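Trainee: here is a sequence with its predicted model. Questions after.
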Amino acid sequence: MDWDWEYAIDSLPLLAEGMLVTIELTVLGALFAYLLGLVFAMIRRVGVPVLSQFVYLFVEFIRSTPLLIQVFAFYYLLQPAIGVKLSPFLTGVIMLGVHYATYTSEVYRAGIEAIPKGQWEAARALSIPRSRVWTGIILPQAVPRVLPALGNYTISMFKETPLLLAIGVVDVLNSAKEAGAETFRVIEPYTLAGVFFLLVSYPASILVRKLERRVGTV
Amino acid sequence: MNFEWSGVWDAMPTMLDGLLVALAATGIGYVIALILGLVFAFLRRSGNRWVSMPVGFLVEFIRSTPLLVQLFFFFYVLPLIGISASPLATGAFALGLHYATYTSEVYRSGIDGVPPGQWEAATALNLSTRRTWTNVILPQAIPRVVPALGNYVIAMFKDTPQLLAITVVEMLGGAIAIGSETFRYSEPIAAAGLVYLVVALLMAWVARIVERRYGQVRV
């Protein structure tokens, strides 16, 4: 086994392009997951009849099945069934977002439950309208505390993006695979793909740890 | 599109074969993760900087890169350096190694959770290092981490479809194989999802029972 530096450097531009796609997927998917997770958590918390039970079942279902199966099912089965054709990239964003929304909804739940009861009671005593209670009192206290947990999920999301290879999203791993398939040299592109992930997710995890120290964990 | 439940039913024998493969990968990988994780946790606590630093780097490296990248790496690179193993063995090893880095953090938090007084008492009683670990620290640290360790089995089981990338045919692989023969993918993939769901829920249930029975520190 020998390591060819020249080939490694040649494959860098292709991998960097793939990395850009990976980062885009993660950022968009994470935004989707943060919002949808919050919606799930609030529906559960407020106890909207029927919808609340439905969300509970949906969350348990998604959490208990592998992401890869969901991606397959959504891309190859559900989309033809309802007659839409989304790009692999968009499918990836939606599936990552929905899958991680079920995790983030649990995170928000923990954050909301950690708010002292007195805050709710005080809000009621001051007869603040319900929407203001959420936007003005509960969420501003709950969300900062769960930021580290959300950050951790964003990192694991980032590390799950290569799964989207299965539906043909050209991310960094797929680029590595392509590079390897052309030249029959696999060591350099796969190693570099690993290094790329490390370069992003290790600093990110240090950042999350700093955030954790700042706001304290729930 | 029409969905036929009989197709789901017909896929079940293949799914059960796939389930055995997935469970084998999870089982072997989990044993590796439990043991290797403890070894990593020990080595990272070692006072020798030349031991703890490289191990720390290895753990952070593996934790920060995707399992799928590691699977590809082991599958394509290990044969190049003269180690050949079956895809299933490679997959189970990669799963085990990946999760060992998570379990090592779990063990670390468990060990950190043992009050310092216990260490001091062990020193005061002149217990040897080995006796301190086996009779004082670990019996208190392990029960604390049982719930977290249980959750990782389930996570690991749900990661097994990724082994498809290195040609291990578990449930999703079996479903795709059926689909490519019959040109009907919906039913077998639904069957695979169903089996994953049922088994993952069962595992969660068993994990809660184990937690309740062994999750308390006995004094």
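Mentor: Cool, the structure landed.

Trainee: got the buried residues for the helix of greatest length in chain A?
Mentor: When chain A is parsed with DSSP state H, its longest helix is helix A:12-46. Going by neighbour count (16 or more other Cβ atoms under 10 Å in any protein chain shown), the buried part of helix A:12-46 is A:14-15, A:18-19, A:21-23, A:25-26, A:28-30, A:32-34, A:36-38, A:40-45. C-beta here means a position set from N, CA and C on the backbone, and glycine is covered the same way.

Trainee: skipping its backbone neighbours, what lies nearest residue A:68 in space?
Mentor: In space, residue A:68 comes closest to residue B:161 once its chain neighbours are excluded; the distance is 4.2 Å by Cβ to Cβ, 6 or more residues apart in numbering or on different chains.

Trainee: wait, isn't that neighbour in contact with residue A:66?
Mentor: Yes: checked against Cβ atoms under 8 Å, the pair residue B:161 and residue A:66 is within contact range at 4.8 Å.

Trainee: name the residues of the helix or strand hosting residue A:122 that come out as buried.
Mentor: Assigning secondary structure by DSSP states H and E places residue A:122 in helix A:117-125. Neighbour-count burial for helix A:117-125, with 16+ other Cβ under 10 Å as criterion, is recorded at residue A:123.

Trainee: what sits up against it?
Mentor: Applying Cβ atoms under 8 Å, 6 or more residues apart in numbering or on different chains, the external contacts of helix A:117-125 come out as A:133, A:137-138, A:141.

Trainee: from the chain's centroid, how far away is it?
Mentor: Going by Cα atoms, centre = their mean, to the nearest Å, the spacing between the C-alpha centre of helix A:117-125 and its chain's C-alpha centre is 33 Å.

Trainee: kindly report the same for stretch B:34-48.
Mentor: Distance of stretch B:34-48 from its chain centroid, counting by Cα atoms, centre = their mean, is 17 Å.

Trainee: run through who's touching that stretch.
Mentor: By Cβ under 8 Å, 6+ apart, the list of residues contacting stretch B:34-48 reads B:51-52, B:55-56, B:58-59, B:96-97, B:99-108, B:111, B:149.

Trainee: one more: stretch B:51-65?
Mentor: Outside stretch B:51-65, the residues touching it (Cβ under 8 Å, 6+ apart) are A:155, A:159, A:194, A:197-198, A:201-202, A:205, B:40, B:43-46, B:70, B:97-98, B:100-102, B:104-105.

Trainee: tally of neighbours for residue 133?
Mentor: Since you didn't name a chain, this refers to chain A. By other Cβ atoms under 10 Å in any protein chain shown, 17 other residues sit near residue A:133.

Trainee: looking at chain B here, not the other one
Mentor: Per other Cβ under 10 Å, the neighbour tally for residue B:133 reads 16.

Trainee: again with residue A:126
Mentor: The criterion is other Cβ under 10 Å. On that basis, residue A:126 has 10 neighbouring residues.

Trainee: against chain B, how distant is it?
Mentor: 40 Å (Cβ to the nearest Cβ, to the nearest Å).

Trainee: show the end-to-end separation of stretch A:127-134, please.
Mentor: The first and final residues of stretch A:127-134 sit 13 Å from each other (Cα to Cα, to the nearest Å).

Trainee: on that earlier part again, past the helix holding residue A:122, which element shows up next along the chain?
Mentor: Using DSSP H and E, the next helix or strand after helix A:117-125 towards the C-terminus is helix A:130-132.

Trainee: gap between that following helix and the chain center?
Mentor: Average the C-alpha atoms of helix A:130-132, do the same for its chain, and the two points are 28 Å apart (Cα atoms, centre = their mean).

Trainee: one more: stretch B:164-171?
Mentor: With Cα atoms, centre = their mean as the basis, stretch B:164-171 stands 17 Å off its chain's centre.

Trainee: with just CA atoms, put it into PDB.
Mentor: Once non-C-alpha atoms are left out, stretch B:164-171 reads as follows in PDB (Å, rounded to 0.1, in the frame of the first residue of the first chain):
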ATOM      1  CA  LEU B 164     -25.500  -2.500   2.500                       C
ATOM      2  CA  ALA B 165     -22.800  -0.300   1.200                       C
ATOM      3  CA  ILE B 166     -20.200  -3.000   1.700                       C
ATOM      4  CA  THR B 167     -22.500  -5.800   0.300                       C
ATOM      5  CA  VAL B 168     -23.800  -7.200   3.500                       C
ATOM      6  CA  VAL B 169     -27.400  -8.200   2.800                       C
ATOM      7  CA  GLU B 170     -29.500  -7.500   5.800                       C
ATOM      8  CA  MET B 171     -33.200  -6.400   5.700                       C
END
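
Trainee: list the buried residues for it?
Mentor: By neighbour count on 16+ other Cβ under 10 Å, the buried set for stretch B:164-171 is B:164-166, B:168-171.

Trainee: the residues you listed also near chain A: which ones?
Mentor: Counting by Cβ under 8 Å from any Cβ of the partner chain, the subset of those that neighbours chain A consists of B:164-165.

Trainee: sort out for me which of the buried residues of stretch B:164-171 are in helices.
Mentor: Filtering the buried residues of stretch B:164-171 for helices - DSSP H - leaves residue B:171.

Trainee: can you count the residues close to residue A:143?
Mentor: If we define neighbours as other Cβ under 10 Å, then residue A:143 has 16 of them.

Trainee: show me what contacts the closest residue to residue A:43 other than its chain neighbours?
Mentor: Using Cβ to Cβ, 6+ apart and skipping residues adjacent in sequence, the residue nearest residue A:43 is residue A:55, 5.0 Å away. With contact taken as Cβ under 8 Å, 6+ apart, residue A:55 is in contact with A:40, A:43-44, A:105.
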